[in-house]
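In: Here is the input, now give the coordinates:
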Amino acid sequence: MLVGRCGQDPELKYFESGAVKASISLAVRPPYRSEQALWFDLVAWGHIAEVINNYVRKGTQIAITGEFGFDRWADKNSGTMRQKPVITINAIELLGSPRKEESTSTSAPNEQAFANANF
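Out: Reported below is the predicted structural model:
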């Protein structure tokens, strides 16, 4: 389980098979503010990917549960096998909207908890 803020808008891919995949990065702040944020690459499939595409933007705070794994591929230039850690999202809870620049307008008090998708 991770709670953090999205580092970029989601990247959505549709496949010929009909499958849909969303990719995002997540910054998780350690308990002590002096420490650097930890970054995680996340992927979601199907309905969760659609929810992410519709409601998540850079800066949105989310909570996820998922499975840790690796993306593996062959380097195009050298043919060397590469891998990177990635978390496949099983459930997501949208905790709030992206951080906004300070403005004179006020937002609705119940802007938090605007969606919850557990699949």
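In: element containing the most centrally placed residue in the chain, please.
Out: Of all residues in the chain, the one closest to the mean position by Cα atoms, centre = their mean is I24, 4.1 Å from it. Assigned by DSSP states H and E, I24 belongs to strand 20-28.
In: Okay, now the sheet partners of that strand, with direction.
Out: Paired strands of strand 20-28, with direction, are strand 2-6 (antiparallel), strand 11-14 (antiparallel), strand 38-45 (antiparallel) (DSSP bridges).
In: Which of the ones you listed sits closest to Y32?
Out: Nearest to Y32 among these is strand 38-45 (12.2 Å), distances taken as Cβ to Cβ. To be clear about C-beta, it is placed using only N, CA and C from the backbone, and glycine gets the same treatment.
In: The closest one: what's the following helix or strand?
Out: helix 46-55.
In: List the strands paired with the next helix or strand after that next one, with their directions.
Out: For helix 46-55, the following helix or strand on the C-terminal side (DSSP H and E) is strand 61-74. Strand partners for strand 61-74, identified by DSSP bridges, are recorded as strand 2-6 (antiparallel), strand 81-94 (antiparallel).
In: how about strand 61-74: buried residues?
Out: By neighbour count on 16 or more other Cβ atoms under 10 Å, the buried set for strand 61-74 is Q61, I62, I64, G66.
In: quick one: low-confidence parts of the chain?
Out: 97-119 (pLDDT under 70).
In: again, 90 this time
Out: 29-37, 71, 73, 75-76, 79, 96-119 (pLDDT under 90).
In: Quick check: which element contains the residue of it positioned farthest from its centre?
Out: Going by Cα atoms, centre = their mean, the residue of the chain most distant from its centre is S78, 30.4 Å out. S78 is part of no helix or strand, with elements assigned from DSSP H and E.
In: How much space separates it from L94?
Out: Distance, S78 to L94, by Cβ to Cβ, to the nearest Å: 41 Å.
In: Relative to P30, how far out is T88?
Out: According to Cβ to Cβ, T88 and P30 sit 23 Å apart.
In: more neighbours, those two?
Out: T88 (15 against 10; other Cβ atoms under 10 Å).
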